[in-house]
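# 3D model of this:
(one chain, ligands or ions: 1)
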Amino acid sequence: MSNSEWNIHIDGEFSDEELQYRANLLEKVPDASRDADGLISCPTLFLRDTLVFPRMVAPLHIGRETTRTAIEKAAANNQTMIALVQIDPQMERPGENDFLNVGIEMAVSEIVTLPDGSHAVLVQARRRVEIIRIYQENGSFFAQASIVDDSTPDQNEYRPLIRGALRSYERYIDLSPNIPDEAFEYVTGISDPGWLADMVAATMDLPLAEQHALVVNLDGEQRLDYVQKLLANEVGALELEEEIHSKVQKEAERGQRETYLREQMRAIQDELGEGDPWMKELEELHTKLRKTKLPKEVKDAGMKELRRLGQMPPMSPEVGVIRTYLDWILELPWSKCSEDNLDVQNASKVLDERHFGLPKAKDRILEYIAVRSLRPKNNRQPILCFVGPPGTGKTSLGRSIAAALGREFVRLSLGGVRDEAEVRGHRRTYIGALPGRILQTMRRAGTLNPLFFLDEIDKLGSDMRGDPSSALLEVLDPEQNDAFSDHYLEMPYDLSKVMFITTANSRNDIPWALLDRLEVIEFPGYIEEEKLEISRRFLIQRQLEENGLGESEIQFSEAALKAIVREYTYEAGVRNLEREIGRVCRKVARLKAEGKRFPSRIDVKSVEKYLGPPQFTNTQAESEDEVGVATAVAWTEAGGDIMPIEVLLMEGKGNMQITGNIGDIMEESGQAALSYLKSRANDLGIKMDVFESTDVHIHIPEGAVPKDGPSAGITLATAIISAFTGRAVRMDVGMTGEVTLRGRVLPVGGVREKVLAAHRAGLKTFILPERNTKDLVDVPKKALTELKIVPVERMAQVLDVALVEKKKPAASRTANAKPSAKTSGKGKTSPLQPGV
Ligand code: ADP
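Coordinates of the predicted model:
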């Protein structure tokens, strides 16, 4: 056979003649002869991205001219060659360090010229060799190498390993579409683990790095172990692939079957003269579209979609998508408006009937209605934002406004909305796409001018999926909300007639761009009297009704209501109060239903009987003055709360630690307070060396609640100074304020909530930064008469009020003093943020 008759397919297919030749290539080319040291020296071939494992035959393209000369040289001498494996296959001119340290000795056929003019050889690999050195001679590369004998003498020992590998390999062949089943027959007779590993690896489509790892591994057993792991991985992946494939196949078959059955059904219905249900459906849709009052461009768009629908086979998956879209167009309110009742007096009556107090909010709403009645077309009124703790009547007032105006009321909670698509919807190209929540809510409203309540605007999130607040800006902006764009609808939608009211628990968390557009109306917390009034006028009545009890069937005594307010609820609003009243009513309702005797008057005793032991026994401030404990009043989302701060002095080295789940700002506040004390040590009668030998531990109880902000500054300073001077802090004094290093007291936020919290907790005196006194206008008079407010500008004034005059023995609050701050057992969940 002459070379020119060869027909090498580089993709690995050989003609019969080639296969025959392949079998005896090695026999034709003898072993390289060894020198005195037992080493062989041969011309080299470079293997880039194809690896030929020992005993394999493969065609190789010849790219480089030097390779060609080397092959010719070897052929002329009837000599084997050493294939060096390039570590980086991309490298054009590898140096001697750019090869694996193990190469392959191989027999090489004569060079064949392929039809496209390129050259190739057939090689048969013999065995691994360890490369000793690579050198150049007359421009060709040579390698000196030692022969590796990796065959294993006792092959019985490896039987289990081999059997395992064969089993995996068989499964692998089963699952891989590209490997012929005969491949397994080739390997079944092999009893040498290394050889088996090489054979199997050669047929697997392994990444180059794995192939390299196998070439350099000279231990046959390890190699087979490794190959078996690779097989297991591959089998896992292929099994998964097959599972998915068969699932898809099943789905497709089911789809086809359904289509077929439906076609048959249509044919049968036709035959029976029942008409085509699909045509009927289309006609119905057409009539609906024609009859519904829609703006022209909406109708046109709908008709266009309907035409597309008509051209589709009824079984096409797109049918559902278009039908849903048409449904949306048909169901959204496009022009239907409710008539506004702009009678201010009526509105005032409705609001007063349903709500106690809230004068500011009510006034503002009435002004809104008044302006509206004078300029009905004016859509440019500011958007109101009701800000206040939960249960202070924001939502219920919203409902009442809607009732007064005669508008639909809808509500959308923005809490946790982090994705712009939630506001604006997804494009129809997405499977299962729907309009955004704004339009979904409008559909629910059914009119173009509902009162639209956007709840929890301060809980709006934002992340990489886009900022929902920018979409909301568009919703709330009267300049552009007459053409709100929703991704799903793909048509402008008019939101300009909607009356939006937003709500938030905390003004500080509202995205500032939104806050800019909003007119904030505060819903302060209620004082006890207000709560009692609200329950007497509204809550009890409602709960009686809801629990099927007659209007005057039971009555709550004043003391019972007070007990519920004080001992069973701890909140700024009245939501829990209503819940607890409801609980009492339920118990009574049950007695009544069971035909048992039930009390007609609920007193403190029956409250305890029905609601169990009081839950908030510690909400009242302590009566005992203590050293090292001062009471801060903090702002929380639920209104406000008192927060005892404890300071303990221990023998030590002047370190300070502050614990209780506090933030950086509060920690710095503690440092500042300590520094202030040191600077005033002389005046306060503390010796400087005390600081060096004392460790200060500040703790703010209820460690699970995160706390931060600067407004506990004066309280921290007071507690520390008390601990160092041994002067007790009046426990009926609460305070808030930031302190500077020079002892100036700076204003803070959330004053109204804090004053109410102090009042609720039964404190008698409240120390407040002078510059905060302007915030007291909103505080109910009753709270201000019962709580003495002391405005201060300097820390010294704080100490004058807060510390007890009579000195106790110095440093009485040391390590073995019992921690005395009584933490309240309130089940609060919202973080304390004294630093607003
Ligand atoms: P928010 O929306 O502020 O969390 P809600 O409006 O849901 O609070 O109020 C909770 C409950 O308290 C409602 O049942 C509401 O009727 C009642 N409520 C709150 N404030 C008042 C009030 N000033 N007058 C009458 N009921 C009130």
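
# tally of neighbours for the nearest residue to Tyr325 once chain neighbours are set aside?
Distances taken as C-beta to C-beta, 6 or more residues apart in numbering put Glu305 closest to Tyr325, at 6.1 Å, once the chain neighbours are dropped. Glycine gets a C-beta too; all of them are placed from N, C-alpha and C. The number of residues packed around Glu305, counting by other C-beta atoms under 10 Å, is 18.

# so which strand or helix has Glu305?
Element membership for Glu305, per DSSP states H and E: helix 296-310.

# buried stuff in stretch 327-341?
Counting neighbours by 16 or more other C-beta atoms under 10 Å, one finds that the buried residues in stretch 327-341 are 328-330, 332-334, 338, 340-341.

# again, but for stretch 473-487
In stretch 473-487, counting by 16+ other C-beta under 10 Å, buried: 473-476, 478, 481, 484, 486-487.

# could you pull up the mean pLDDT of that stretch?
Taken as a whole, stretch 473-487 has an average pLDDT of 86.

# quick one: contacts of stretch 316-325?
Stretch 316-325 is contacted from outside by 285, 305, 308-309, 312, 428, 433-434, 488, using C-beta atoms under 8 Å, 6 or more residues apart in numbering.

# which of those residues are buried?
Buried among the contacts of stretch 316-325 by 16+ other C-beta under 10 Å: 285, 305, 309, 428, 433-434, 488.

# CSV please, covering those and showing distance to Glu567 and secondary structure.
Below are the buried ones among the contacts of stretch 316-325 laid out as CSV (distance: C-beta to C-beta, whole Å; DSSP: H, G, I helix; E, B strand; the rest coil):
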residue, distance to Glu567, secondary structure
Leu285, 62, helix
Glu305, 62, helix
Leu309, 65, helix
Arg428, 57, coil
Ala433, 52, coil
Leu434, 48, coil
Tyr488, 52, coil
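
# tell me which of these is nearest to the ligand?
Leu434 (27.3 Å; C-beta to the nearest ligand atom).

# closest to Glu651 out of the buried ones among the contacts of stretch 316-325?
For the buried ones among the contacts of stretch 316-325, the closest approach to Glu651 (C-beta to C-beta) belongs to Leu434, at 67.2 Å.

# is the residue nearest to Tyr325 in contact with Leu330, as I believe?
No: Glu305 is not in contact with Leu330 according to C-beta atoms under 8 Å; the separation is 11.1 Å.

# what's next to the host helix or strand of Leu544, contact-wise?
Take DSSP H and E as the rule and Leu544 turns out to sit in helix 540-546. Helix 540-546 has contacts (C-beta under 8 Å, 6+ apart) with 550-551, 553-554, 556, 578, 581-582, 585.

# can you name the next helix or strand after it?
That would be, after helix 540-546 and using DSSP H and E, strand 555-556.

# so in that sheet, which strands flank that following strand, and in what orientation?
Sheet pairing here is set by DSSP bridges, and for strand 555-556 it gives strand 601-602 (parallel).

# number of residues surrounding the closest residue to the ligand within the stretch 351-500 of the chain?
Across the stretch 351-500 of the chain, no residue is closer to the ligand than Gly393, which sits at 2.6 Å (C-beta to the nearest ligand atom). Per other C-beta under 10 Å, the neighbour tally for Gly393 reads 23.

# now do the contacts for it.
355, 358, 523, 573-574.

# which two from these end up farthest apart in space?
His355 and Gly573 (12.7 Å).

# of the two, which one has the most company?
Gly573 (22 against 17).

# doesn't the more buried one belong to a helix?
No: going by DSSP: H, G, I helix; E, B strand; the rest coil, the assignment for Gly573 is coil, not a helix.

# could you look up the SS state of the nearest residue to it once chain neighbours are set aside?
Nearest residue to Gly573, sequence neighbours excluded (C-beta to C-beta, 6+ apart): Gly391, at 2.3 Å. Counting by three-state DSSP, the backbone at Gly391 sits in coil.

# need phi/psi at Gly391.
Main-chain dihedrals, Gly391, degrees, to the nearest 10: phi 80, psi 10.

# quick one, what contacts Asn547?
Contacts of Asn547 by C-beta under 8 Å, 6+ apart are 582, 585-586, 588-589.

# likewise for Ile534?
Counting by C-beta under 8 Å, 6+ apart, Ile534 has contacts 356-357, 526, 574, 577.

# what about it, distance to Glu578?
Distance, Ile534 to Glu578, using C-beta to C-beta, to the nearest Å: 9 Å.

# pLDDT of the helix or strand hosting Cys385, averaged?
When elements are assigned from DSSP H and E, Cys385 belongs to strand 383-387. The average pLDDT within strand 383-387 is 90.

# so what does it touch, helix or strand wise?
Contact analysis of strand 383-387 by 3 or more C-beta pairs under 8 Å, 6 or more residues apart in numbering; DSSP states H and E lists helix 359-374, helix 394-405, strand 499-504, strand 518-522 as its packing neighbours.

# one more time with 6 Å, if that's ok
strand 499-504, strand 518-522 (3 or more C-beta pairs under 6 Å, 6 or more residues apart in numbering; DSSP states H and E).

# elements contacting the helix holding Glu305?
So helix 296-310, by 3+ C-beta pairs under 6 Å, 6+ apart, packs with helix 277-291, helix 317-331.

# that helix vs helix 317-331, what angle?
150 degrees (axes from the mean of the first three to the mean of the last three C-alpha atoms, to 10 degrees).

# for this structure, give me the ranges with low pLDDT.
Low-confidence segments of the chain, defined by pLDDT under 70: 1-26, 274-276, 379, 462-466, 616-623, 637-639, 703-707, 806-836.

# tell me the helices and strands packed up against the longest strand belonging to it.
The strand spanning the most residues in the chain, taking DSSP state E as the definition, is strand 119-137. Helices and strands touching strand 119-137, by 3+ C-beta pairs under 6 Å, 6+ apart, are strand 57-62, strand 102-108, strand 140-147.

# swap in 7 Å and give it another go.
helix 16-23, helix 25-28, strand 57-62, strand 81-85, strand 102-108, strand 112-113, strand 140-147 (3 or more C-beta pairs under 7 Å, 6 or more residues apart in numbering; DSSP states H and E).

# ok, the last one: who's next to it in the sheet?
Read it as strand 140-147. Strand 140-147 has these strand partners (DSSP bridges): strand 39-47 (antiparallel), strand 119-137 (antiparallel).

# same check on the fourth one?
Sheet pairing of strand 81-85 (DSSP bridges) gives strand 39-47 (parallel), strand 102-108 (antiparallel).

# list the buried residues in stretch 48-68.
Here stretch 48-68 shows 48, 50-54, 56-60, 62, 66-67 as buried, counting by 16+ other C-beta under 10 Å.
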